[in-house]
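Participant: Need a 3D model of the following:
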Amino acid sequence: MEDSKDVKKFDHAMAELEAIVARLETGDLPLEEALATFEAGIALVRTLNQRLTEAEARIELLSHDAQGAVRLRPVSEQELKE
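Facilitator: Numbers count the residues shown, from 1 in each chain. Next comes the predicted model:
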């Protein structure tokens, strides 16, 4: 259940970021409001990047052990880079 909640939070933050980008792209915001909106967007980008990094760390691969049974194992840093 927590994963579903996390996805909603991520999706909500992404939607919020997209709305901010759309507002900035109109070019109609006064300078101070545009700067504040831009700062809010940067904060969201940082939050989303952190969430993605955390998600990558949680990725696990299926592998077979010596008896042929399927096991989950964490992905190594090297595998993430490949």
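
Participant: any idea which helix or strand comes after the worst-scoring helix or strand of the chain on mean pLDDT?
Facilitator: Lowest by mean pLDDT, DSSP states H and E among the helices and strands of the chain is strand 60-64, with a mean of 67. The helix or strand immediately downstream of strand 60-64 is strand 70-74, counting by DSSP states H and E.

Participant: any idea how far that following strand is from the chain center?
Facilitator: Averaging C-alpha coordinates over strand 70-74 and over its chain gives two centres that are 24 Å apart (CA atoms, centre = their mean, to the nearest Å).

Participant: what about the chain, any weak spots by pLDDT?
Facilitator: Along the chain, segments meeting pLDDT under 70 span 1-8, 57, 59-64, 80-81.

Participant: next one: phi and psi at residue 75?
Facilitator: With angles defined as degrees, to the nearest 10, residue 75 shows backbone torsions of phi -80, psi 130.

Participant: most remote residue from this protein's center?
Facilitator: Among residues of the chain, the one most distant from the C-alpha centroid is residue 67; the distance is 36.6 Å, by CA atoms, centre = their mean.

Participant: Against residue 74, how distant is that residue?
Facilitator: 20 Å (CB to CB, to the nearest Å). Placement of C-beta: from N, CA and C, glycine included.

Participant: who does the top helix by length along the chain touch, helix- and strand-wise?
Facilitator: Counting residues, the longest helix in the chain under DSSP state H turns out to be helix 31-58. The elements that helix 31-58 packs onto, with contact taken as 3 or more CB pairs under 8 Å, 6 or more residues apart in numbering; DSSP states H and E, are helix 2-26.

Participant: Run through who's touching the helix it packs on.
Facilitator: Contact partners of helix 2-26, identified using CB atoms under 8 Å, 6 or more residues apart in numbering, comprise 29, 34, 37-38, 40-41, 44-45, 47-48, 51.

Participant: can you pull the buried residues of that helix?
Facilitator: Residues of helix 2-26 classed as buried: 13, 17, 20, 23 (neighbour count, 16 or more other CB atoms under 10 Å).
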